[in-house]
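Trainee: Whatever this is, show me its structure:
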Amino acid sequence: MTPTRQGSVRLTQFAHGGGCACKISPGELEEVVSGLGTPLAGGDTPLLVGLATGDDAAVAALPAHAGTAIVCTADFFTPVVDDPYDWGRIAAANALSDVYAMGGRPVLAVNLLAWPRDRLPFELAREVLRGGLDVATEAGCHVGGGHSVDDPEPKYGMAVTGLADPARLLRNDAGRPGLPLSLTKPLGLGVLNNRHKATGERFEQAITTMTALNRDASAAALAAGVTCATDITGFGLLGHLHKLARASGVTAVVDTAAVPYVDGAREAVRDGYVSGGTRRNLEWVAPHTDFGDTDTDTRLLLADAQTSGGLLIAGEVPGAAVVGELVASGAHSIVLR
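Mentor: Numbers count the residues shown, from 1 in each chain. Predicted coordinates for the structure are as follows:
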């Protein structure tokens, strides 16, 4: 770990939380949106994936263009690191990930920027936008402008539109018993980000992980014939896995010893750098999880609110850790072993 490169301006100190740990808790969110996902009747773009299963993005068919569907998502959050360029890169990779998690290819993004204009210089905002543009460019995705507001807390992200083959989508409701569970990035990003916010320590391994696109993992999943996947972000591995298992009507068995973690993550949990979002995630999944004899620190890491985490794939892909399997539905949606 090294000191932050940002000098006297620490962006994380201008926000009450950081990254995807700022998400509204999954239980509260489900209550808010309950009954609001009724698809539009008729129309020439049938909705293929909407609110019902809590998937990563919305998908609509384009009947006039056979074999093509449109994928739409939006994601933004408060600073997760102090360096503005890195924050922009992380936020863009995180927003693009929702398209990859559906098996799509991002083609167009617009920026979403909230900025405390009287408290932070606009040259920092420019660095945030530059970081987002560089990652979108790496992804082959156009950035066509966006929207900004004056806000007491800085926030940044993107609304992203992508294209996909409607017959080859990755969905969270397509899991079947007998499929292995693969994880493409290590966990522990949330606790390291929380430590960074508290101390200013810079964790290069976390930044490298968060800025890595999920493009290759998505392509590998499609090439392997996978139909079920999700990405691991603010609800943690357990939260997103519970949603997948519930939507698919299966139970997920997790081999806790096989789950990879970013270097320093266990030490961060041990030292108490656990966000409120992570604790809310664990509280939400507890009634649906058989924890066995899993220790408290491991439970917290499995529920850790990730920012720009990896894909959780129901299938095997090269380079991904196999962390469990799907089995026939039982008394719990998740079982830890």
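
Trainee: which residue is nearest the centroid of the chain?
Mentor: T233 (2.7 Å; Cα atoms, centre = their mean).

Trainee: Check which helix or strand it maps to.
Mentor: For T233, there is no helix or strand it lies in under DSSP states H and E.

Trainee: Now do the strands in the stretch 1-150 of the chain.
Mentor: Assigned by DSSP state E, counting those that start in this stretch, the stretch 1-150 of the chain shows strands spanning 2-3, 47-49, 58-61, 69-77, 105-115, 142-150.

Trainee: From the chain's centroid, how far away is the third one?
Mentor: Relative to the centre of its chain, strand 58-61 is centred 19 Å away, using Cα atoms, centre = their mean, to the nearest Å.

Trainee: Check which residues of it are buried.
Mentor: Residues of strand 58-61 classed as buried: 58-61 (neighbour count, 16 or more other Cβ atoms under 10 Å). (C-beta placed from N, C-alpha, C; glycine too.)

Trainee: just the last one next, same as before
Mentor: Neighbour-count burial for strand 142-150, counted by 16+ other Cβ under 10 Å, picks out 143, 146.

Trainee: For the chain, which segments are assigned as helices?
Mentor: Ranges of helices in the chain, per DSSP state H, are 26-33, 84-101, 122-138, 189-199, 204-211, 215-223, 236-248, 265-270, 276-285, 296-302.

Trainee: The third one to strand 105-115, inter-axis angle?
Mentor: In this case it means helix 122-138. Relative orientation of helix 122-138 and strand 105-115, computed by axes from the mean of the first three to the mean of the last three Cα atoms, to 10 degrees: 170 degrees.

Trainee: Please find the angle between the direction vectors of helix 122-138 and strand 142-150.
Mentor: Using the same axes, to 10 degrees: helix 122-138 against strand 142-150 is 150 degrees.

Trainee: Let's test this: mean pLDDT of helix 122-138, rounded?
Mentor: The average pLDDT for helix 122-138 rounds to 98.

Trainee: And it, what does it pack against?
Mentor: For helix 122-138, the packing partners by 3 or more Cβ pairs under 8 Å, 6 or more residues apart in numbering; DSSP states H and E come out as helix 84-101, strand 105-115, strand 142-150, strand 155-164.

Trainee: Each with direction, which strands does the third one pair with?
Mentor: Within its sheet, and counting by DSSP bridges, strand 142-150 is paired with strand 105-115 (parallel).
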